[in-house]
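S.K.: Turn this into a model:
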Amino acid sequence: MIYSLEIKNLKSGVEQKEILKGVDLALKPKEVHALMGRNGSGKSTLAQTLMGSPTYEVTGGSAKVFGKDILKIDTTERAKTGLFLSFQYPSEIPGVKVYSYLRMLHNKSHEDKLSPKMFREYLEKKMELLEMDKSFADRFLNEGFSGGEKKRMEMLQMLMLEPKVIILDEVDSGLDIDAIKIVSRAVNYLIAEHSSSVLLITHYSRILNYIKPDFVHIMLDGKIVKTGGEEVASHLEEYGYSSSELHVPAVKHEE
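M.R.: Now for the predicted structure:
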């Protein structure tokens, strides 16, 4: 079977300190996998390693997107395989308009090149899905944006790229419930319309009320130590990480 994302015994670290100590994970199209764990457990390191951050050095294992080894190619090439990472803290880019930036992204990721008029119409349809005002397109990228606006901007980029493998690194951080619903709407749209698979990294289970996980994984000390269904997240909310692996039965990922 060709998985959309397949990770085997992945090891990674920084400055000779190993952080990921052998991660195994496999996602099929349309599947949602939630990854939860304490601060420092390696969740964000996994996301950054998969996207090719130069901060982290891969010391073992493999990672493939639809069978293609991504560890030997740069970040741009990884994105071209269909991989997308939503950052916790998006950067501001003064002087670059949202419209111009998104048109560039679309032209680089799609064979069909839309005219400026057709592209704006296409963009506005995506913005409607996120309940964004049309004037947003003429602002500078993330400049003066609130936390919620930055998240919507990232979701807008995601909708324009239509990635096949979506990694969301604490996308719910600092968002109110209305913003979480809108973010979730964009993710669920791509799952339904483009068969995207999702690796959702989060500390809290509230976003799982809107993006329903097929599997919930617990990461501790650089390894996935528990896999189950939504009951794992519910258990964490009540008991914390100290007892989760003792009382929640594991569920195997079926071939």
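
S.K.: which regions of the stretch 101-250 of the chain sit below the pLDDT cut-off?
M.R.: The stretch 101-250 of the chain contains residues with pLDDT under 70 at 242-250.

S.K.: if you set the cut-off to 80 instead, what comes out?
M.R.: For the stretch 101-250 of the chain, applying pLDDT under 80 flags the ranges 147-148, 174, 238-250.

S.K.: can you pull out the strands in the chain?
M.R.: For the chain, strands defined by DSSP state E occupy the ranges 5-14, 17-27, 32-36, 57-65, 68-69, 83-86, 93-97, 140-141, 165-169, 197-201, 215-220, 223-228.

S.K.: Mind putting the ones you listed into JSON lines with distance to residue 77 and mean neighbour count?
M.R.: Just so you know, the C-beta spots here come from the backbone N, C-alpha and C atoms, and that holds for glycine as well. Shown next, in JSON lines, are the strands of the chain (distance: least, C-beta to C-beta, whole Å; neighbours: other C-beta atoms under 10 Å):
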{"stretch": "strand 5-14", "distance to residue 77": "16", "mean neighbour count": "19"}
{"stretch": "strand 17-27", "distance to residue 77": "20", "mean neighbour count": "18"}
{"stretch": "strand 32-36", "distance to residue 77": "23", "mean neighbour count": "24"}
{"stretch": "strand 57-65", "distance to residue 77": "10", "mean neighbour count": "17"}
{"stretch": "strand 68-69", "distance to residue 77": "9", "mean neighbour count": "14"}
{"stretch": "strand 83-86", "distance to residue 77": "10", "mean neighbour count": "22"}
{"stretch": "strand 93-97", "distance to residue 77": "22", "mean neighbour count": "12"}
{"stretch": "strand 140-141", "distance to residue 77": "23", "mean neighbour count": "18"}
{"stretch": "strand 165-169", "distance to residue 77": "14", "mean neighbour count": "24"}
{"stretch": "strand 197-201", "distance to residue 77": "19", "mean neighbour count": "25"}
{"stretch": "strand 215-220", "distance to residue 77": "27", "mean neighbour count": "22"}
{"stretch": "strand 223-228", "distance to residue 77": "26", "mean neighbour count": "19"}
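
S.K.: Make CSV from those strands and add distance to residue 147 to it.
M.R.: Formatted as CSV, the strands of the chain follow (distance: least, C-beta to C-beta, whole Å):
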stretch, distance to residue 147
strand 5-14, 27
strand 17-27, 27
strand 32-36, 21
strand 57-65, 30
strand 68-69, 34
strand 83-86, 13
strand 93-97, 17
strand 140-141, 15
strand 165-169, 15
strand 197-201, 17
strand 215-220, 25
strand 223-228, 29
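
S.K.: closest one to residue 110 among the ones you listed?
M.R.: Nearest to residue 110 among the strands of the chain is strand 83-86 (14.4 Å), distances taken as C-beta to C-beta.

S.K.: same for the closest one, what does it pack against?
M.R.: Applying 3 or more C-beta pairs under 8 Å, 6 or more residues apart in numbering; DSSP states H and E, one finds that strand 83-86 contacts helix 43-51, helix 147-161, strand 165-169.
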